[in-house]
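Visitor: Sequence and predicted model, in that order:
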Amino acid sequence: MKKTLFRIIALFGMLSLSSCGYNTMVQLDEQVQAQWGQVQNVYQRRNDLIPNLVNSVKGAAKQEQETLTRVIEARAKATSIQVDPDKLTPENIQKFQQAQGEVSSALGRLLVVTENYPDLKTNQNFLELQAQLEGSENRITVERQKFNEVTQQYNSKIRTFPNNIFAGMFGFEKKGYFQAEAGAQKAPTVQF
């Protein structure tokens, strides 16, 4: 009788523990997915600004066709890479980040090239687009940071005992993080 009662209490305790842990893991997984949606949203905002920026530059800098083409191609590649929120593996995050990094790099080259064109520096439309792109880059940084924070909470939850047991049983897997770009820790060389 005592053994049966002990087993029932132990089973009830384990079910309560697993239920609480499971529900928390589901909530954290939902937060990661929602934040991933927000990351995609700010990248989409930047991608939506690119055609207008390219058109603004196109008229003033016709000889910069190669730079404009690189921006357009990088944007096309970045928008073609979609990561399912249920498959936020480190590899998938890295592929997404690499494609978005190519867009950032191409935009950076474009903005450097535009410095050679005084007409663009006074074009109000171009200046507004440039400011909006800068704002988008800031939003991207903020949303990536928030994504990494909620992902860290989720990953910690599913990896700590006893949650790791239930996480494995219910298919909760570790999510990937945004990482710094290769070479980001090295300060750029400035020469005068």
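Guide: Sure thing, it's come through.
Visitor: just how off-centre is the top helix by length along the chain within its chain?
Guide: Longest helix of the chain, by residue count under DSSP state H: helix 2-60. Remark: helix 2-60 is offset 13 Å from the chain centroid, using CA atoms, centre = their mean, to the nearest Å.
Visitor: average pLDDT across it?
Guide: The average pLDDT for helix 2-60 rounds to 82.
Visitor: Need the contact partners of the helix or strand containing L110.
Guide: Using DSSP states H and E, L110 sits in helix 90-114. Helix 90-114 has contacts (CB atoms under 8 Å, 6 or more residues apart in numbering) with 43, 46-47, 50, 53-54, 57, 60-61, 64, 67-68, 70-71, 73-75, 77-78, 80-81, 83-84, 120-121, 126, 130, 133, 137, 140, 176-179, 181. Bear in mind the C-beta positions are built from the backbone N, C-alpha and C, glycine included.
Visitor: about what we covered before: name the helices or strands packed onto the longest helix of the chain?
Guide: helix 65-80, helix 90-114, helix 118-122, helix 124-159, helix 163-170 (3 or more CB pairs under 8 Å, 6 or more residues apart in numbering; DSSP states H and E).
Visitor: one step back: now the angle from the helix holding L110 to helix 2-60?
Guide: For helix 90-114 against helix 2-60, the angle between stretch directions is 20 degrees (axes from the mean of the first three to the mean of the last three CA atoms, to 10 degrees).
Visitor: Buried residues, helix 90-114. List them.
Guide: 92-93, 96-97, 99-100, 102-104, 106-107, 109-111, 113-114 (16 or more other CB atoms under 10 Å).
Visitor: So E173, which state does it fall into?
Guide: coil (DSSP: H, G, I helix; E, B strand; the rest coil).
Visitor: Neighbours of it, how many?
Guide: 13 (other CB atoms under 10 Å).
Visitor: And the helices and strands packed on helix 2-60, which one averages the lowest pLDDT?
Guide: Minimum mean pLDDT among those: helix 118-122, a mean of 76.
Visitor: Can you name the residues that contact A60?
Guide: Per CB under 8 Å, 6+ apart, neighbours of A60: 114, 117, 119-120, 123, 126.
Visitor: Let me see the confidence value for Q185.
Guide: pLDDT, read off for Q185, is 47.
Visitor: ok, now V190?
Guide: pLDDT, V190: 38.
Visitor: doesn't T69 make contact with V57?
Guide: No: the pair V57 / T69 is not scored as a contact, 11.8 Å apart, by CB atoms under 8 Å.
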